[in-house]
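**Student:** Sequence below, structure please.
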Amino acid sequence: MPKQINVTVSTYECDLNFTIKSDTYGKSLFDQVCHTLGIKEVWYFGLLYTDNKNMLSWVRMNKKVRDQNMQKQYPLRFKFEIKLYPEDVSVNIIQDVTLRMFYLHMREKIITDNVYCPPETSLLLASYVCQEKHGDFDAELFHKNLLDIDCLLPARVIEQHRLTHSQWEEKIVDCWLEHKDKLREEAMLSYLKIAQDLDMYGVNYFPIANRKGSKLWLGVDALGINVYHFDDKLAAQIGFPWSEINNISYSDKRFSIQTVSNKSPDFIFMTEKARTNKTILDLCICNHELYITRRKPDTAQVQQLKMQQITERADRKDERARLKKEREARLAAEHHQRVLEQKLLAIEQEQELSKKALMMYQTKSVELERKIAEKEEHSRRLEELKYMVDRDMEGLEQELNAQIEENEELREQYSSKETQAAKIAAEAAQSQSVIRHLREEYESLNKRYNDELHSKSLSSEGDSNEDVTHGTQDFIMEALDGDRSEENRGLTSDEILLKKLKDIERDLNLEKNFDAMTAIDHTYLSIVEQGDDKYKTLKKIRKGNTKQRVEDFEHMASLKQVST
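**Tutor:** Numbers count the residues shown, from 1 in each chain. Next up, the predicted model:
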């Protein structure tokens with residue numbers, strides 16, 4: 001029985017552990033990893049390992065895992081990595097899981113500065129990372145120092161600007177707010193659509209030398225082979241699209257590329273190690289095959305994947321609409337509840353005020369009643385006194401009439417009593433007027449209290465209703481017929497996005513330390529000032545016949561010439 005081997009495969013998010021047989025082929029292990037991750041667009045990926053020469057190598061699918069010249073360590077370690085890139089992420093990537101793998105790959109490349117990204121674009125991409133990770137910005141949940149700036153922006157960008165952690169947060173949040181309602185998949189796609197326009201996107205660089213001995217970079221990507229000065233990985237100088245290449249081969253450290261033009265000499269360069277040429281050959285073959293495949297009608301498998309993805313996205317769209325509707329309904333209900341609670345609180349406050357007013361009215365009423373009672377008692381006593389006076393006066397009158405002539409003193413007494421009676425009568429009348437005034441005030445207070453109570457009752461009723469030495473390969477160019485449609489592409493035409501990038505650039509320049517700029521920053525600015533970009537450069541480096549471009553390559557110097 002074959003010996004069992006423990007294997008660990010690292011992905012961007014986790015480590016996968018497998019136990020395989022010693023006679024297992026590379027393809028079997030690769031298929032097992034893809035199956036575990038749910039990846040069907042397998043042509044983009046491969047397994048990387050560190051060989052016994054301490055170089056990174058791709059697992060050969062038609063070779064047993066144990067025969068891959070790996071370092072003798074157990075468990076065997078591999079990394080599930082992106083090997084080939086799509087020309088256009090929005091057109092070529094089908095599965096969401098593939099989209100997420102590319103998103104995580106490019107995010108790591110940009111943060112670690114393995115792919116150059118200008119400051120303004122870095123900040124915008126950071127906002128898409130926030131949208132993918134946290135969803136819509138929520139001011140209630142967000143708090144200062146929530147964002148890990150070191151994991152969102154390249155260290156180069158942070159060091160070049162005089163901004164605090166909080167100021168970086170504010171600028172990222174400002175962009176984040178504009179991505180409201182974007183799903184994770186939409187945020188990742190938007191991130192990749194911007195990232196694919198970066199000059200170093202999807203390029204595998206290899207150090208080479210021409211016959212002159214100049215050190216140069218060879219770049220292999222989805223569209224062809226390009227040559228760069230050794231001090232500039234951004235602007236390619238010479239380019240050969242896959243449609244112009246007829247055969248590629250290498251012997252030891254010498255690599256040869258034969259073009260379709262019979263008049264052109266072979267494009268020949270040297271590398272430091274034969275193993276490097278083996279890797280270049282493998283990448284060229286794979287990229288060329290994928291380049292041809294994209295220009296043919298979709299296979300049944302791809303068609304099925306696309307239909308499945310369309311269905312899944314439609315279902316997800318419907319689910320999103322349903323959730324949005326439910327969310328809006330819930331928010332409306334919560335708002336209505338808050339309104340009712342506010343109204344109820346207002347009613348309770350009014351009722352409390354009414355209770356206080358009632359108590360005040362009742363206290364005042366009791367006081368008025370007491371005063372009325374006092375006045376009435378006073379009036380009664382006055383009446384009694386008046387009666388007694390009247391009675392006395394009658395007696396006196398009788399006596400006066402009988403003795404008027406006899407006693408002058410009685411006349412004077414009579415007169416005095418009469419004056420006293422008048423005074424008492426006046427006081428009685430005044431008391432009656434005060435009593436009437438107090439009764440009117442009491443009735444007015446009662447009427448006003450009853451009217452307010454009735455009004456409150458009516459108002460209350462109304463509210464209650466409310467994400468290796470030799471090799472060769474001939475390239476068969478069927479179905480291409482000189483197809484170089486990729487040269488027609490350009491940077492995004494999204495005016496809103498372009499304006500946003502300009503605004504961010506202008507804003508960041510105010511706090512930029514230009515003395516901290518690196519050589520690659522200056523190279524990038526030089527490209528922009530010349531009005532060039534990735535796609536304009538692509539057209540420029542492919543101009544002229546292949547013979548002229550091969551001759552230009554032989555005369556290239558390691559360093560680009562700087563104009564004075």
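
**Student:** mind checking how far the helix ranked longest in the chain is from the chain centre?
**Tutor:** Using DSSP state H, we find that the single longest helix of the chain is helix 300-403. Mean-position distance between helix 300-403 and its chain equals 48 Å (C-alpha atoms, centre = their mean, to the nearest Å).

**Student:** Show me what that helix packs onto, helices and strands only.
**Tutor:** Helices and strands touching helix 300-403, by 3 or more C-beta pairs under 8 Å, 6 or more residues apart in numbering; DSSP states H and E, are helix 408-463. For every residue, glycine as well, the C-beta is placed using N, CA and C.

**Student:** which residues sit against the next helix or strand after the helix it packs on?
**Tutor:** Where DSSP states H and E defines the elements, the next helix or strand beyond helix 408-463 is strand 470-474. Strand 470-474 is contacted from outside by 246-252, 277-278, 281, 284-285, using C-beta atoms under 8 Å, 6 or more residues apart in numbering.

**Student:** Counting only helices, which of those residues make the cut?
**Tutor:** Those of the contacts of strand 470-474 lying in helices (DSSP H): 277-278, 281, 284-285.

**Student:** Let's see if you can find the most crowded of the residues you listed.
**Tutor:** Ranked by the number of neighbours (other C-beta atoms under 10 Å), the ones in helices among the contacts of strand 470-474 place residue 277 first, at 28 neighbours.

**Student:** So it sits against residue 256, correct?
**Tutor:** No. The criterion here is C-beta atoms under 8 Å, and residue 277 misses it with residue 256 at 9.9 Å.

**Student:** what do these two both touch?
**Tutor:** residue 250.

**Student:** coming back round to it: can you tell me which of the contacts of strand 470-474 is closest to residue 179?
**Tutor:** residue 284 (38.3 Å; C-beta to C-beta).

**Student:** what sits against that closest one?
**Tutor:** By C-beta under 8 Å, 6+ apart, the neighbours of residue 284 are 220, 225, 245, 248, 473.

**Student:** and the spatially most central residue of the chain, what does it touch?
**Tutor:** Residue closest to the average C-alpha location in the chain (C-alpha atoms, centre = their mean): residue 131, at 2.6 Å. Each residue near residue 131 by C-beta under 8 Å, 6+ apart is listed here: 176, 179, 182, 184, 187.

**Student:** Quick check: the first one vs residue 167, distance?
**Tutor:** I take that to be residue 176. Residue 176 sits 15 Å away from residue 167, going by C-beta to C-beta, to the nearest Å.

**Student:** For those two, indicate the residue with more neighbours.
**Tutor:** Set side by side, residue 176 and residue 167 show more neighbours around residue 176, with 23 against 13, by other C-beta under 10 Å.

**Student:** for the record, mean pLDDT for the helix or strand containing the more buried one?
**Tutor:** Element membership of residue 176 [criterion: DSSP H and E] is helix 165-176. In this model, helix 165-176 has a mean pLDDT of 92.

**Student:** immediately after that helix, which helix or strand?
**Tutor:** Trace forward from helix 165-176 with DSSP H and E and the next one is helix 184-195.

**Student:** Just the C-alphas of that next one, formatted as PDB.
**Tutor:** Output of helix 184-195 as PDB, limited to C-alpha atoms (Å, rounded to 0.1, in the frame of the first residue of the first chain):
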ATOM      1  CA  ARG A 184     -19.300  42.600  -0.900                       C
ATOM      2  CA  GLU A 185     -19.000  41.200  -4.400                       C
ATOM      3  CA  GLU A 186     -19.700  44.600  -6.000                       C
ATOM      4  CA  ALA A 187     -17.100  46.300  -3.700                       C
ATOM      5  CA  MET A 188     -14.500  43.600  -4.600                       C
ATOM      6  CA  LEU A 189     -15.300  44.000  -8.400                       C
ATOM      7  CA  SER A 190     -15.000  47.800  -8.200                       C
ATOM      8  CA  TYR A 191     -11.600  47.300  -6.400                       C
ATOM      9  CA  LEU A 192     -10.300  45.000  -9.100                       C
ATOM     10  CA  LYS A 193     -11.600  47.200 -12.000                       C
ATOM     11  CA  ILE A 194      -9.400  50.000 -10.600                       C
ATOM     12  CA  ALA A 195      -6.500  47.700  -9.700                       C
END
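
**Student:** can you pull the buried residues of that helix?
**Tutor:** Neighbour-count burial for helix 184-195, counted by 16 or more other C-beta atoms under 10 Å, picks out 184-185, 187-195.

**Student:** Check stretch 257-272 too.
**Tutor:** 257-259, 264, 267-271.

**Student:** Check stretch 368-376 too.
**Tutor:** residue 375.

**Student:** Repeat that for stretch 49-68.
**Tutor:** Buried residues in stretch 49-68 (16+ other C-beta under 10 Å): 49, 57-60, 64-65, 68.

**Student:** Mind checking which of these land in strands?
**Tutor:** Judged by DSSP state E, the buried residues of stretch 49-68 include 49, 57-58 as members of strands.

**Student:** Flag whichever of those residues scores worst on pLDDT.
**Tutor:** Comparing these by pLDDT, residue 57 comes last, at 89.

**Student:** OK, contacts around that residue?
**Tutor:** Neighbours of residue 57 in contact, by C-beta under 8 Å, 6+ apart: 48-51, 68-69, 275, 279.

**Student:** Confirm the residue nearest to the centre of the chain sits in a helix?
**Tutor:** Yes. Applying DSSP: H, G, I helix; E, B strand; the rest coil, one finds residue 131 inside a helix.

**Student:** my read is residue 6 is in a strand, agree?
**Tutor:** Yes. Counting by three-state DSSP, residue 6 is part of a strand.

**Student:** element containing residue 28, please.
**Tutor:** Counting by DSSP H and E, residue 28 is part of helix 26-37.

**Student:** circling back: quick one: which of the ones in strands among the buried residues of stretch 49-68 is nearest residue 395?
**Tutor:** residue 49 (142.5 Å).

**Student:** so that closest one makes contact with residue 80?
**Tutor:** No. Counting by C-beta under 8 Å, residue 80 is not a contact partner of residue 49; they are 10.9 Å apart.

**Student:** Quick check: which ranges of the stretch 101-250 of the chain have low pLDDT?
**Tutor:** Flagging of the stretch 101-250 of the chain using pLDDT under 70 yields the residue ranges 145.

**Student:** So which residues of it form strands?
**Tutor:** 204-209, 215-221, 224-229, 238-241, 245-251 (DSSP state E, counting those that start in this stretch).

**Student:** Now tabulate the ones you listed in a markdown table and tack on distance to residue 549 and mean neighbour count.
**Tutor:** As requested, the strands of the stretch 101-250 of the chain are exported to a markdown table (distance: least, C-beta to C-beta, whole Å; neighbours: other C-beta atoms under 10 Å):
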| stretch | distance to residue 549 | mean neighbour count |
| --- | --- | --- |
| strand 204-209 | 15 | 18 |
| strand 215-221 | 14 | 21 |
| strand 224-229 | 9 | 23 |
| strand 238-241 | 5 | 21 |
| strand 245-251 | 12 | 19 |
